[in-house]
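>>> Okay, here's the prediction I keep looking at, along with the sequence it came from:
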Amino acid sequence: MDQSKEKQASAMPPGDVDHYLRDLKLAFIAEHYGELATQAAGKQWSHVDYLGRLLEGEAHLRRDRATQNRIRQARFPVIKTLDQFRWDWPTQMNRLQVQHHFGLGFIKDKANLIYLGGVGLGKTHLATALGYTACLQGYVVLFASAIDVINTLAAAKNAGRLKQELKKYTKPALLILDELGYLPIDKSGADLLFQVISLRYEQNSIMITSNRAFKEWPKMFNNDSTLTAAILDRLLHHAETVVIEGKSFRMRGQIEP
């Protein structure tokens with residue numbers, strides 16, 4: 001058999017290539033290997049260069065998909081970024097401290113963040129933006145209101161699934177508990193929240209937003225000063241607190257003349 005016939009006989013049909021690429025879930029390569037082969041021939045790329053371009057595109061696609069999955073699984077109410085934040089609205093806030101948090105060093109240190117301030121001052125915006133930034137940097141994040149966490153865990157406890165459900169709140173690198181203190185929490189709810197905080201202590205980071213100063217937290221936890229002290233002890237041991245003051249941005253139409 002001459003060389004041309006041998007080459008023809010050994011060539012893999014394009015349909016087989018597509019089949020193998022689908023089986024291996026190489027989506028980018030499956031879509032682009034043909035056009036890149038044409039470019040490779042025209043620009044005289046080496047086989048290694050051609051393969052490198054395909055692998056680079058596949059890696060980028062997988063990273064993008066993983067990032068989108070993390071964002072989806074974080075369950076943000078809406079996507080917010082730091083660039084959208086109105087720094088001029090709060091009358092008092094340590095801007096440099098907040099910007100430093102977006103370096104995400106606190107997640108590496110397994111430390112906590114607590115943002116305190118009245119309604120409409122951007123606490124949830126900043127928490128969402130910070131969580132979104134963490135997702136982009138490869139961290140697993142979960143965003144939930146404090147009451148939703150308590151209600152979910154209470155239902156799981158009644159169904160005998162508390163241990164399994166707790167894992168959902170203990171595994172993420174960053175758990176964002178939004179709006180702590182906006183609704184009253186009974187003793188059972190406070191106990192469940194304590195379990196989450198205790199299990200995450202020095203293991204993973206928590207970010208909390210609240211409209212209540214620390215001195216008001218016993219009222220928030222059914223006037224249980226012992227439980228409140230235990231919660232604060234674990235939260236504040238490795239934590240930074242940001243206090244935001246001012247008037248509600250959402251009420252600006254009624255506030256401004």
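The structure has been received and is ready for your questions.
>>> just checking, what packs against the helix or strand harbouring V242?
Mapping V242 onto the secondary structure by DSSP states H and E places it in strand 239-244. Using 3 or more Cβ pairs under 8 Å, 6 or more residues apart in numbering; DSSP states H and E, the elements in contact with strand 239-244 are helix 95-101, strand 112-117. For every residue, glycine as well, the C-beta is placed using N, CA and C.
>>> Let me know which of these is tucked in deepest.
strand 112-117 (a mean of 23; mean count of other Cβ atoms under 10 Å).
>>> Figure out how far that strand is from the centre of its chain.
Distance, stretch centre to chain centre, for strand 112-117: 17 Å (Cα atoms, centre = their mean, to the nearest Å).
>>> Return it as PDB; C-alpha atoms alone will do.
As requested, the backbone C-alpha atoms of strand 112-117 are provided in PDB (Å, rounded to 0.1, in the frame of the first residue of the first chain):
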ATOM      1  CA  ASN A 112     -16.000  37.200  59.900                       C
ATOM      2  CA  LEU A 113     -17.500  40.500  58.700                       C
ATOM      3  CA  ILE A 114     -20.400  42.300  60.400                       C
ATOM      4  CA  TYR A 115     -22.000  45.300  58.800                       C
ATOM      5  CA  LEU A 116     -24.300  47.300  61.100                       C
ATOM      6  CA  GLY A 117     -26.600  50.200  60.100                       C
END
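>>> Would you mind identifying the next helix or strand past that strand?
Taking DSSP H and E as the definition, the helix or strand right after strand 112-117 is helix 123-136.
>>> Let me know the next secondary structure element after that next one.
Taking DSSP H and E as the definition, the helix or strand that follows helix 123-136 towards the C-terminus is strand 141-145.
>>> Give me the domain ranges for this protein.
3-74, 82-255 (automatic domain parsing).
>>> Least reliable of those domains by average pLDDT, please.
Here the lowest mean pLDDT among the domains of the chain goes to domain 3-74, at a mean of 82.
>>> for that domain, the distance to its chain's centre please.
Distance of domain 3-74 from the chain centroid (Cα atoms, centre = their mean) equals 31 Å.
>>> Please apply the same query to stretch 242-250.
The gap between where stretch 242-250 is centred and where its chain is centred comes out at 24 Å by Cα atoms, centre = their mean.
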